[in-house]
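Asker: what would the 3D arrangement of this be:
(chains A and B)
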Amino acid sequence: MTPVLTVESLRVEIPVKSGLPRAVRGVDLAIGAGETHGLVGESGSGKSLTALGIMGLLPPRARRSAARLRLGEVDLLALGERAMEDVRGDRIAMIFQEPMTSLNPAFTVGAQLSETLRRHRKVTRGEAIARAAGMLARVGISSPRTRLAQYPHQLSGGLRQRVMIAMALLCEPKLLIADEPTTALDVTVQAQILRLLAELQRAMGLAILLITHDLSVVARVAQRVSVMYAGEIVETGEVADVFARPMHPYTRGLMSAVPVPGKVRRGAPLGTIAGVVPSLIGDIDGCAFRARCPSAHDACLRPPPVRGAGATRSYRCHLLPEVAEARP
Amino acid sequence: MTDHVLQAPIVLPRRLRQGGFAVGAAIVGVVIVAALIGPALIPHDPFVQDLLKRLVPPIWMEGGSAEHVLGTDQVGRDYLARLVYGARISLLIGLSTVIVSGLIGTTLGVAGGFFGGRVDDIVTFVITCRLAVPLILMALAVVSLVGSSLLVVVMTLGLLLWERFAVVARATTAQVRNLDYVAAARAAGCSRGYILLREVLPNILNPLIVVATLEMALAILLEAALSFLGLGVPPPLPSWGLMIAEARDYMFFQAWVIVIPGLALLVFVLGINLLGDGLRDLLAPEGRA
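Answerer: Numbering: from 1, shown residues only, chains lettered A, B, ... in the order given. Next up is the predicted model:
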């Protein structure tokens, strides 16, 4: 079966005065129907630009290239801006981090939902409102008719994110890109939204690309995870597998920074990764993580190979995990 | 459906109590009503002269009569009729000028703010050029070259008074452009035109409405100034500025001839400004139901 989304060596470069930052340096992704793929990494690692690159929504100055960028059978690289507008919101939808500002304050919820639908489907106004109300009910909003008549500022953050999800799923897209969908919400609402996303995914066979820096969110909802560092995916695999046996030193560093009840000694400092992310301007010689890696050695001056580890697992490092683990 | 009770807007009465807005709205309302139906109610024609009844004082002064409530001018035309008819001219000029300048300024400003880059450079340059043009001098020059008529005055003022619209529209558009709901609209497959009209424009409207009131007051004052200098609305049309100009000779002995149109101008412009101030508070995002 062809995956819903296929990305091969996606690159994004944004020319600025001081040089040419290569913000995304050859990202590969494949997401199947009904699958949630977590994309984690620290700020500036290129997660969001990867998403915008897939959507074709990069800032005008940015340059995108890819060996392959497909949505099902459709080659997104071959589509013009007009055709991309038809794809966006219809077959790929996106939800954003900040539900408080993601809705237009000047129009009612109903107007915004029905117009999104009418943008892509030939339906009458009444029909659109009816379907919008149905979708609001599906995302767990009680008395949807009342909500349709309200303005965004009359809704709470959790409700607004539900409305955003309803708007995104109104045209029944194949792929949903969720850029930190729960970061701005408090923890209980966060859990509700994640559960809701999982339910809708099952019902609609949706592929989800979940961008986050919260490893616990990935652990809860994703089946696969890719870890990004300096514009590259350094490790990818099944979530349970990666979390249990991280192979790349960066992933191991991330894991050691997460407090695990019972495992972490009270009062003991959590793990950190010393140093800072390297400059993205120009080429990075050798391994991008070299300067911060506890097990760096001479070989790391050369670009690291992508090593497979089982059918669904790969990572980008010179060292075999046993060796790297033994070193620090 | 109990929610409806909660969402009932309680904003207007609270704001109304703040006085300024109410006073402004009342003044502007009275002027609009007077301009619309006043001429039909007043038994005198603002253009008919009666040289036997020149400079009849208003009703509250010695020698005044109920027939001419505000008296008559130097050629015996009823002053109230002229004042009310002049309100029409002032409103017409104020509104038309704001429409012309608002269209020009908003288009330029939104284009600059939304597209940024080179477009913005050009818009900024044009705004700077406009700011370097002396308003009154330019208006005088144009009107004296082309000849004065209502249309020429409106177009001249409209083509000169757009820069505040442009500045405000440009700044607010640049702000709105980067907000998440614009990004969300793009992610939902909306075209640029749609985003400009439905996402950007409605959200920059409030400051533009406030600018519109300021510009309207300014346009009315400028028209009065042009008329006073004899280059505004051509006589015998009773513009308030023209009435002040014509009354100049009688200033010392029949002061009311100049005080009445002057006061009308002052109160009306004050009313518009109060209304604009009130609107700014009223239209603040938290004030919207």
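Asker: what parts of chain A come near chain B?
Answerer: Residues of chain A that fall close to chain B, judged by Cβ under 8 Å from any Cβ of the partner chain: A:55, A:57, A:60, A:85-90, A:93-94, A:96-98, A:101-107, A:115-116, A:119-120, A:143, A:146, A:150-151, A:153-154, A:164, A:167-168. Just so you know, the C-beta spots here come from the backbone N, C-alpha and C atoms, and that holds for glycine as well.
Asker: which among the residues you listed end up buried?
Answerer: Buried positions within these, assessed by neighbour count (16 or more other Cβ atoms under 10 Å in any protein chain shown), are A:55, A:85, A:87-90, A:93-94, A:96-98, A:101-104, A:106-107, A:115-116, A:119-120, A:146, A:150-151, A:154, A:164, A:167-168.
Asker: among the residues you listed, which are located in helices?
Answerer: Judged by DSSP state H, these include A:Met55, A:Glu85, A:Val87, A:Glu115, A:Thr116, A:Arg119, A:His120, A:Thr146, A:Met164, A:Met167, A:Ala168 as members of helices.
Asker: OK, contacts around the first one?
Answerer: When you say that, I think you mean A:Met55. For A:Met55, the contact set (Cβ atoms under 8 Å, 6 or more residues apart in numbering or on different chains) comprises A:Arg88, A:Ile92, A:Met94, A:Ile177, B:Ala187.
Asker: pLDDT score for it?
Answerer: Looking at A:Met55, its pLDDT is 89.
Asker: residues touching A:Arg202, list them.
Answerer: So, once contact is read as Cβ under 8 Å, 6+ apart, A:Arg202 ends up touching A:Gly34.
Asker: please identify the helix or strand for it.
Answerer: Assigned by DSSP states H and E, A:Arg202 falls within helix A:187-204.
Asker: low-confidence ranges in the stretch 151-289 of chain B?
Answerer: Within the stretch 151-289 of chain B, the stretches with pLDDT under 70 are B:284-289.
Asker: up against chain A, what does it have?
Answerer: Within the stretch 151-289 of chain B, the positions near chain A by Cβ under 8 Å from any Cβ are B:179-181, B:183-191, B:194, B:198-199, B:202-203, B:205, B:285-286, B:288-289.
Asker: mind giving me the PyMOL command for buried ones among those residues?
Answerer: Selection command for PyMOL covering only the buried members of these, criterion 16+ other Cβ under 10 Å:
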select buried, chain B and resi 179+180+181+183+184+185+186+187+188+189+190+194+198+199+203+205
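Asker: which of the residues of the stretch 151-289 of chain B next to chain A fall in helices?
Answerer: Counting by DSSP H, the part of those found in helices is B:Asp180, B:Tyr181, B:Ala183, B:Ala184, B:Ala185, B:Arg186, B:Ala187, B:Tyr194, B:Pro202, B:Asn203, B:Leu205.
Asker: so which residues of the stretch 1-150 of chain B form helices?
Answerer: B:3-7, B:11-16, B:20-41, B:79-115, B:117-131, B:135-146, B:150-160 (DSSP state H, counting those that start in this stretch).
Asker: same check, this time on the stretch 201-328 of chain A
Answerer: A:215-221, A:239-244, A:249-256, A:321-326.
Asker: which stretch among those is buried most, on average?
Answerer: Highest mean neighbour count of the helices of the stretch 201-328 of chain A: helix A:249-256, a mean of 22 (counted as mean count of other Cβ atoms under 10 Å in any protein chain shown).
Asker: elements contacting that one?
Answerer: Judged by 3 or more Cβ pairs under 8 Å, 6 or more residues apart in numbering or on different chains; DSSP states H and E, helix A:249-256 is in contact with strand A:224-229, strand A:232-238, helix A:321-326.
Asker: how distant is that helix from the center of its chain?
Answerer: The chain centre lies 19 Å from the centre of helix A:249-256; the measure is Cα atoms, centre = their mean, to the nearest Å.
Asker: export it as PDB, just CAs?
Answerer: Output in PDB follows, covering the C-alpha atoms of helix A:249-256 (Å, rounded to 0.1, in the frame of the first residue of the first chain):
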ATOM      1  CA  PRO A 249      23.500   9.900  21.200                       C
ATOM      2  CA  TYR A 250      21.200  12.900  20.800                       C
ATOM      3  CA  THR A 251      18.000  10.800  21.400                       C
ATOM      4  CA  ARG A 252      19.700   9.300  24.400                       C
ATOM      5  CA  GLY A 253      20.400  12.800  25.700                       C
ATOM      6  CA  LEU A 254      16.800  13.700  25.200                       C
ATOM      7  CA  MET A 255      15.600  10.600  27.000                       C
ATOM      8  CA  SER A 256      17.900  11.300  30.000                       C
END
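Asker: what's the angle between it and strand A:232-238?
Answerer: With axes from the mean of the first three to the mean of the last three Cα atoms, to 10 degrees applied, the angle from helix A:249-256 to strand A:232-238 works out at 60 degrees.
Asker: and the angle for helix A:249-256 with strand A:224-229?
Answerer: Using the same axes, to 10 degrees: helix A:249-256 against strand A:224-229 is 110 degrees.
Asker: center of chain A - which residue?
Answerer: Centrality entry for chain A: nearest residue to the mean C-alpha point is A:Ile211, 2.3 Å, by Cα atoms, centre = their mean.
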